[in-house]
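**Student:** Here is my input; please provide its structure:
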Amino acid sequence: MKRIYFFSFLVVALSFSACKGKKDITLFRLLDEDMTGIDFNNKIMESDSFNILTYEYIYNGGGVAAADFNNDSIVDLFFTGNQVSNRLYLGLGTLKFKDVTKASGLLSDPKWSSGVSVVDINGDGLLDLYVCATTHPDDALRKNMLFINQGIGTDGTPTFVDEAPAYGLDFSGHSITSAFFDYDKDGDLDLYILVNVKLNNIPTNFRAKIEDGSSANNDRLFRNDGNGKFTDVTLEAGIRFEGFGLGLAIQDFNNDLWPDIYVSNDYLSNDILYLNNQNGTFTNATASLLGHQSQFSMGNDVADFNNDARPDIITLDMLPENSERKKTTIGNKSYQNNINNDLYNYQYQYVRNMVQLNNGAAAGVKFSEIGQLAGVYQTEWSWSPLFADFDNDGLKDLVITNGFPKDVTDKDFANYRAQYMNIAPPGFLVDSIPVIKIPNYAFKNNGDLTFTDVSNVWGLDQPSFSNGAAFADLDNDGDLDYIVNNINGSAFVYENTLNQQPQPLKANFLRVDFVGQKNNLSGLGTKVYIYYGDQYQYYEHYPFRGYLSTVEGTAHFGLGQHALVDSMRVIWPDGSAQTLKSVAVNQRITVQYKDTVHNSSPHKTDNSLLLTESAIQSGIQYVHQQKDIIDFNIQRTIPHKFSQFGPALAVGDVNGDGLDDLYVGGATGLSGQFLFKTAKGNLKPVIR
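**Tutor:** A predicted model of the protein is given here:
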């Protein structure tokens with residue numbers, strides 16, 4: 001018995017040891033700041049006069065840019081700060097960094113910086129920085145900054161000078177973030193600026209839309225004139241729809257080789273999908289393309305996560321995962337809300353993350369919202385979504401940052417505030433707000449339009465108040481590392497340990513850099529299609545992703561076990577193309593515009609529809625009439641309306657001619673109608 005007991009104890013001990021060992025080997029390993037040298041902390045200092053109750057954007061946070069600013073083939077990191085200065089850290093290799101902010105001329109005090117975009121705006125082969133500024137009441141302290149890279153010193157440190165005024169880009173209208181793209185396809189890079197101003201009205205109350213460009217919350221579009229100057233062409237380009245912007249993405253949504261714009265807006269304002277009209281103007285096509293959207297849209301990301309060569313969209317909201325927090329933080333929606341949406345011409349919105357699957361229908365691009373099906377619809381107060389293949393299996397995974405230091409949505413606090421706001425000291429109320437610190441999320445792509453929550457398994461289990469984020473291969477080992485900008489905490493630098501995992505299957509990869517034309521040297525807008533076996537992947541080159549951030553400007557493809565890319569097709573912004581055959585894996589290659597041929601054709605995708613509407617062809621002109629009764633005013637607890645079930649339908653050969661006829665039932669007090677099928681296939685109403 002003693003031997004059996006000892007043997008059992010030994011098995012348990014070894015099992016515990018093995019489990020402990022496995023737990024230590026997570027996909028992401030959080031690196032200590034003493035090791036990396038990155039000590040950035042976006043610390044927010046509140047006071048009685050400046051806090052979450054006096055300024056609701058105080059915790060909107062900062063962004064991250066991952067790029068090689070000194071051309072040494074090692075990624076550097078730039079963080080934007082709100083009440084602290086922006087910081088630049090040069091990559092030294094082996095995941096170590098050096099703070100060169102002061103030496104590089106990038107100290108930003110006392111501006112409140114938000115989003116950052118990386119671009120080579122003057123085509124000199126050196127990456128520049130465009131940093132948005134907001135919050136300050138002083139216009140001079142809200143002017144955006146365009147830091148032009150002046151060159152690299154002997155010690156490898158780049159220096160920058162703010163030349164925004166010279167370029168005409170020192171915009172001071174409460175900018176959130178920006179993106180560079182060639183919207184008019186004239187060969188140089190234009191600029192879209194996302195705007196979000198705190199107005200005096202209640203931002204969730206229904207009111208008439210402002211669609212003439214007169215709102216303070218109207219975004220801006222600046223055209224590059226090709227002479228080092230930019231011109232504001234916002235109104236003439238059709239950028240006229242207001243919104244409390246928090247997310248911005250550029251992508252060719254309808255595969256016509258012209259870049260479109262997606263803007264995710266907070267509060268009442270709807271998201272906007274601007275389709276490029278190919279003549280210097282845009283059309284807001286949101287109502288015709290999206291069935292519904294997030295209520296409080298935060299950051300967004302666009303990528304082809306299901307590998308069908310069509311860009312899909314994710315927008316984030318603030319729905320808690322925990323049932324208790326749902327009930328204590330999320331307000332109820334009434335039927336009157338839907339009535340108001342229709343009355344004021346707003347699209348329907350719901351408090352949850354949305355995943356818009358691009359169907360690429362032949363009649364025009366349309367999206368199906370599948371956030372709940374995908375399993376990624378509830379991730380707390382979230383900011384930055386990023387699609388990327390972190391485990392190199394050929395499927396883009398999803399990481400999401402979240403966190404808000406003071407949970408002002410807590411209903412108990414809201415009731416307390418309403419009762420005591422006129423008598424309690426300001427600091428007392430602020431201190432009464434609950435603090436909820438929650439880890440970020442990671443979701444593994446299952447390849448069937450669903451994701452599995454692997455936050456703990458992958459090592460993203462540190463509670464934080466996280467905002468902007470970026471991914472990059474910081475150590476040049478072929479997998480993507482993850483960087484996060486935190487409020488009141490050190491920035492996160494996660495090393496991807498994929499190559500250190502004891503996995504039986506080798507995960508291959510391919511990384512692609514771009515050298516474009518002089519005025520778009522980074523090749524923004526370039527499309528890449530790779531084909532291997534019976535699979536393919538698609539990438540469109542815009543690194544302005546997630547929330548306030550710029551990811552590494554290298555296309556990354558995970559390939560799983562595939563040991564060869566059969567072919568790679570590259571389509572440049574002007575339509576020129578090139579094809580590479582039999583591309584070896586596990587390498588980083590550079591494609592250049594000078595190697596292209598002209599007159600390219602886009603990738604062919606299957607746009608056939610399973611079902612099509614045939615009411616016109618069949619001659620059906622019946623319109624169902626029904627009384628408009630609001631059941632919820634009679635009984636508030638019913639799950640749905642019982643007075644409007646729609647028409648009853650029945651099919652059968654009523655007149656014995658061998659053809660199926662249709663009967664449509666009428667509502668209470670109204671007659672139904674027979675529709676007899678004719679030999680031509682039409683349905684003819686029977687008139688009595």
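**Student:** List the backbone torsions phi and psi for the residue nearest to the spatial centre of the chain.
**Tutor:** For the chain, the residue nearest the mean C-alpha position is Asn300 (1.7 Å; C-alpha atoms, centre = their mean). Backbone torsions of Asn300, given as degrees, to the nearest 10, read phi -140, psi 170.
**Student:** Quick check: bridge partners of it?
**Tutor:** Thr315, Gly546 (DSSP bridges).
**Student:** What distance do you get for it to Asn633?
**Tutor:** Computed as C-beta to C-beta, to the nearest Å, the Asn300 to Asn633 distance reads 37 Å. Every C-beta, even on glycine, is put in place using the N, C-alpha and C of the backbone.
**Student:** Please apply the same query to Met421.
**Tutor:** From Met421 to Asn633 the distance is 32 Å (C-beta to C-beta).
**Student:** Against Thr497, how distant is Leu510?
**Tutor:** In terms of C-beta to C-beta, Leu510 sits 20 Å off from Thr497.
**Student:** and these two? which has more neighbours close in?
**Tutor:** Leu510 (26 against 18; other C-beta atoms under 10 Å).
**Student:** That one should be in a strand, yeah?
**Tutor:** Yes: according to DSSP: H, G, I helix; E, B strand; the rest coil, Leu510 belongs to a strand.
**Student:** nearest residue to it other than its sequence neighbours?
**Tutor:** Of all residues not flanking Leu510 in the chain, Phe557 sits nearest, at 4.6 Å (C-beta to C-beta, 6 or more residues apart in numbering).
**Student:** Now do the contacts for that neighbour.
**Tutor:** Contact analysis of Phe557 by C-beta atoms under 8 Å, 6 or more residues apart in numbering lists Asp389, Gly394, Phe509, Leu510, Arg511, Val512, Ile530, Gln537, Tyr539, Val565.
**Student:** right, and the second one touches Gly533 too?
**Tutor:** Right, the one you point to is Gly394. No: with contact defined as C-beta atoms under 8 Å, Gly394 does not count as touching Gly533 (9.9 Å).
**Student:** which residues are common contacts for these two?
**Tutor:** His562.
**Student:** Among those two, which residue is more densely surrounded?
**Tutor:** Gly394 (24 against 13).
**Student:** Can you give me the pLDDT of that one?
**Tutor:** Looking at Gly394, its pLDDT reads 97.
**Student:** and it, helix, strand or coil?
**Tutor:** Per three-state DSSP, Gly394 ends up coil.
**Student:** now it: how far from Asn445?
**Tutor:** In this view, Gly394 and Asn445 are 9 Å apart by C-beta to C-beta.
**Student:** Check His556 too.
**Tutor:** From His556 to Asn445 the distance is 14 Å (C-beta to C-beta).
**Student:** cool, and Leu524?
**Tutor:** Taken as C-beta to C-beta, the span from Leu524 to Asn445 is 26 Å.
**Student:** what do you get for Asn486?
**Tutor:** Distance from Asn486 to Asn445, by C-beta to C-beta: 26 Å.
**Student:** and if you look at Val686?
**Tutor:** Applying C-beta to C-beta to Val686 and Asn445 gives a distance of 53 Å.
**Student:** Compare these two and say which is more crowded by neighbours.
**Tutor:** Higher neighbour count among Val686 and Asn445: Asn445, with 24 against 12, using other C-beta under 10 Å.
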